[in-house]
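**Student:** Predicted structure and sequence below. I'll ask about it afterward.
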Amino acid sequence: MPPDQSQASVHRAAITDRTELAKGVILLGIHAPELVRVTKPGHFLLAIPPSGERCATALGIYEAQAERASILFFVCGSRTRELADLAVSEYLEVAGPLGNGFDLSGQPKNVAIVAGGVGIASVLLPAQRVAEYGGRVQLYYGARTQALLVDAEKFERYGCVLNLATDDGSSGFDGYVTELLAQTEEVPDLILACGPTPMLHAAAKVASRMRVRAQLSLEETFACGVGACWGCVVPISRASAQAPRFPMLSTDGSRSDSVYARVCKEGPVFWADELRW
Amino acid sequence: MTVRAGADLSVALGRLHLPLPTIMGSGCYGSGEEYASFIDLENIGAVVLKSVTRMPRLGNPTPRLVQTPSGLLNAIGLQNPGVEWYLEHEVGKFSERPCAIIGSVAGFSVDDYAYVTQRLAARDEIDAIEINISCPNVASDGETFACDPKLTSRVVTLVRDLTDKTLIVKLSPNVTDIAGIAREAEAAGADALAVINTVRGMAIDVDVWQPRLGNRTGGLSGPAIRPIAVLAVYEVACAVKIPIIGQGGIETTTDALEFFLAGASAISIGTANFTDPRVPLQIAHGLERYLLGRKLNALRDIVGKANHGFSGPHQYEGDQG
Ligand SMILES: Cc1cc2nc3c(=O)[nH]c(=O)nc-3n(C[C@H](O)[C@H](O)[C@H](O)COP(=O)(O)OP(=O)(O)OC[C@H]3O[C@@H](n4cnc5c(N)ncnc54)[C@H](O)[C@@H]3O)c2cc1C
Ligand SMILES: Cc1cc2nc3c(=O)[nH]c(=O)nc-3n(C[C@H](O)[C@H](O)[C@H](O)COP(=O)(O)O)c2cc1C
Ligand code: FES
């Protein structure tokens, strides 16, 4: 996953469509042909808050086709609330694409994609990519309740096999999506996962038990989002290809096996077996 | 889209002459490279590099950031590769930068400051040195330097002797008498003062009954601290004659103007870059428009005009500021 930020820029994008997929879950389409041209699966963007005052919001790039990209978000705080208030034909300014996305260069045949909640926003592009090169995707998609399992049909259109789970049992498997993954008899060649941190930990465990490598798209609080502030770090193995090549000693002067990588710059996607969290 | 046409926005900080008064705050801008795809670095005055220490530092445990109303609480803990590695692998790249590069020095003893200053200042790629005696996020005594007039004086006197380059001293707002500290720094030979660093703060997670930051305490930046910073600049400007680099929550031209009128000769932009990387350019353009609108030739004409007993705004006919 080589760094690839040279093609990022600020885009002033008109909003082409707005859908409330469930209460508080918004899908915004934007006209951004230049962004689409350079977006890869797993990339994210920074949505510049229309009224300033707060850091830009990191959001996965959900769709990217021809002239239109889209973002999918849960309204959970002041910034997402402001984005939810935008109407069609108004403008949203975004910086991106950013980060290092999923590595599908080996074109693995059978891919399991695990998404929890809003994590779904970062996994449509990789699902699409796998379909393009002729691979097959089992999508394991979990949410708190049925209404929050949004847009699953779109994944079916790319030939994904759906495996749904809800915490309250209102749809599909009654329990965590990673439990559902653990039950599968069909061992995938690669696992990709995006969702809340506890889910990613669980997905990493299941993957290691299955002896399958997993790539996790992490979520951290960002400030700059471009690698400038070292605020979003996660410990990873010193041996990882994504480990920054800096001398990093712990405060007592010892040289530990793990170093800090920036989720926004070296990530957000990391190999599960290289994380030391 | 270069700025610097009409009005004169230039500023002199000791020997360092900047065509634009917009300086990117330490720790917020990397080395400039991280922002180069969003803004032409020719359109900013200078970048202050992330503070470096004598030895490498891993920095604080995570989480290191919390978003707060109109602010950002951080506790990075001076993560950096140490000055030797920095000189060998990073500094060489700065010669290509189209803006000035200011090195930032942090330390835990007077010796540390002297050592790192000497090593950094010896390099041609570094145009000036900023002494960060005010980092609130390290367990030992980073900030006690900025809180103690005698220590401030000792450290500034020592590093002053080590370089002819412009020496900027960055002050902490977490003191009772910032003007007193500023006077010490000036008397000890500082060429300019950076006012202010972050304000100490804390946020607590009410679900788990724990502070949200890994370091527990942090430094608050962004619009939330702007009035604190404006007052600090005002007070320091009353106390010293050397130029002040005002900072703390500057996001718009109007914000920047408050600092100039309070007595700053230049400004620093940190957190606002995280909102929109084009802010420094927008502010430079805005300042120019403001001056032209008031038929003023140079930014320096308004420095401190809200200060020193100055009694009111200029009244110009057709004022459209
Ligand atoms: C690489 C990356 C990609 C992302 N992609 C997406 C995406 O595609 N879609 C999406 O919806 N999100 C995504 N996120 C997350 C998104 O950036 C954050 O949710 C963002 O913080 C929302 O901003 P906000 O101001 O609306 O909420 P904030 O106010 O920042 O709140 C964010 C979260 O913190 C919690 N929180 C805030 N304050 C408190 C408090 N006082 N006590 C307890 N909890 C609190 C909230 O419950 C909420 O879950 C992504 C993040 C990263 C790093
Ligand atoms: C994430 C972050 C890291 C910072 N790191 C440093 C640092 O290493 N050295 C320093 O002198 N100031 C550091 N600062 C302080 C800023 O340079 C600046 O003085 C302060 O944030 C106030 O300005 P602002 O509100 O425009 O950000 C840091 C600030 C932030 C937000
Ligand atoms: S958010 Fe600043 S380095 Fe990642």
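**Tutor:** Sure, I can see it. In this text, all values refer to a predicted model and were calculated from it rather than measured experimentally. Ligands and ions are numbered 1, 2, ... in the order given.
**Student:** use CA for all of it now, contacts and neighbours both
**Tutor:** Fine.
**Student:** for the closest residue to ligand 3 within the stretch 51-200 of chain B, what are its contacts?
**Tutor:** The stretch 51-200 of chain B approaches ligand 3 most closely through B:L65 (8.6 Å), counting by Cα to the nearest ligand atom. By Cα atoms under 8 Å, 6 or more residues apart in numbering or on different chains, the contact set of B:L65 is A:T221, A:F222, A:A223, A:G231, A:C232, B:L72, B:L73, B:N74, B:A75, B:I76, B:L213.
**Student:** Now, those residues that are in helices?
**Tutor:** Nothing among those maps onto helices, per DSSP state H.
**Student:** Could I get these in CSV, plus columns for neighbour count, distance to ligand 1 and pLDDT?
**Tutor:** Shown next, in CSV, are the contacts of B:L65 (neighbours: other Cα atoms under 10 Å in any protein chain shown; distance: Cα to the nearest ligand atom, whole Å; pLDDT from 0 to 100):
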residue, neighbour count, distance to ligand 1, pLDDT
A:T221, 18, 6, 96
A:F222, 26, 6, 97
A:A223, 31, 10, 98
A:G231, 30, 11, 97
A:C232, 26, 8, 98
B:L72, 26, 11, 97
B:L73, 26, 12, 98
B:N74, 28, 14, 97
B:A75, 30, 17, 96
B:I76, 30, 17, 95
B:L213, 23, 12, 97
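**Student:** Any idea how many residues pack against the closest residue to B:N273 other than its chain neighbours?
**Tutor:** In space, and not counting its chain neighbours, B:N273 is closest to B:V279: 6.3 Å by Cα to Cα, 6 or more residues apart in numbering or on different chains. Neighbour count of B:V279, defined by other Cα atoms under 10 Å in any protein chain shown: 19.
**Student:** my guess is B:V279 contacts B:T252, does it?
**Tutor:** Yes: the criterion here is Cα atoms under 8 Å, and B:V279 meets it with B:T252 at 7.1 Å.
**Student:** ok, back up a step: quick one: which of the contacts of B:L65 is nearest A:R54?
**Tutor:** B:L72 (8.0 Å; Cα to Cα).
**Student:** Thought B:L213 was touching the closest one, still the case?
**Tutor:** No: between B:L72 and B:L213 there is no contact under Cα under 8 Å: 11.6 Å.
**Student:** between these two, what contacts are shared?
**Tutor:** B:L65, B:V66.
**Student:** Tell me what whichever residue of the stretch 201-321 of chain B sits closest to ligand 1 is bridged to.
**Tutor:** Going by Cα to the nearest ligand atom, ligand 1 is nearest to B:D205 of the stretch 201-321 of chain B, at 5.7 Å. For B:D205, the beta-bridge partners under DSSP bridges are B:Q210.
**Student:** Next, work out how far apart the residue nearest to B:N273 and B:H17 are.
**Tutor:** Distance, B:V279 to B:H17, using Cα to Cα, to the nearest Å: 22 Å.
**Student:** likewise A:Y140?
**Tutor:** 59 Å.
**Student:** any idea how far the residue in the stretch 1-150 of chain A positioned nearest to chain B lies from A:T221?
**Tutor:** In the stretch 1-150 of chain A, the residue that lies nearest chain B is A:C55 (4.2 Å; Cα to the nearest Cα). According to Cα to Cα, A:C55 and A:T221 sit 10 Å apart.
**Student:** Please identify every residue contacting each of these two.
**Tutor:** B:Q67.
**Student:** Can you name the residues that contact residue 195?
**Tutor:** By default, I'm working from chain A. A:A115, A:G116, A:G117, A:V118, A:G119, A:I120, A:S217, A:L218, A:E219.
**Student:** was after chain B, sorry
**Tutor:** Per Cα under 8 Å, 6+ apart, neighbours of B:V195: B:K170, B:L171, B:S172, B:P173, B:A229, B:A232, B:V233, B:I244, B:I245, B:G246, B:Q247, B:G248.
**Student:** Now the helix or strand that contains the fifth one: buried residues?
**Tutor:** I take that to be B:A229. For B:A229, the host element (DSSP states H and E) is helix B:226-239. Neighbour counts using 16 or more other Cα atoms under 10 Å in any protein chain shown place B:226, B:228-239 of helix B:226-239 among the buried residues.
**Student:** packing partners for that helix?
**Tutor:** helix B:178-187, strand B:192-195, strand B:244-246, helix B:253-262 (3 or more Cα pairs under 8 Å, 6 or more residues apart in numbering or on different chains; DSSP states H and E).
**Student:** Each with direction, which strands does the third one pair with?
**Tutor:** Using DSSP bridges, the neighbouring strands of strand B:244-246 in the sheet come out as strand B:192-195 (parallel), strand B:266-269 (parallel).
**Student:** Which of the ones you listed sits closest to ligand 2?
**Tutor:** Nearest of these (Cα to the nearest ligand atom): strand B:266-269, 4.3 Å.
**Student:** for the contacts of A:G195, which one is nearest ligand 3?
**Tutor:** Looking across the contacts of A:G195 and measuring by Cα to the nearest ligand atom, the closest to ligand 3 is A:E219, at 10.7 Å.
**Student:** Make a markdown table from the helices and strands packed on helix B:226-239 and add distance to ligand 2 to it.
**Tutor:** Below are those laid out as a markdown table (distance: least, Cα to the nearest ligand atom, whole Å):
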| stretch | distance to ligand 2 |
| --- | --- |
| helix B:178-187 | 15 |
| strand B:192-195 | 7 |
| strand B:244-246 | 9 |
| helix B:253-262 | 10 |
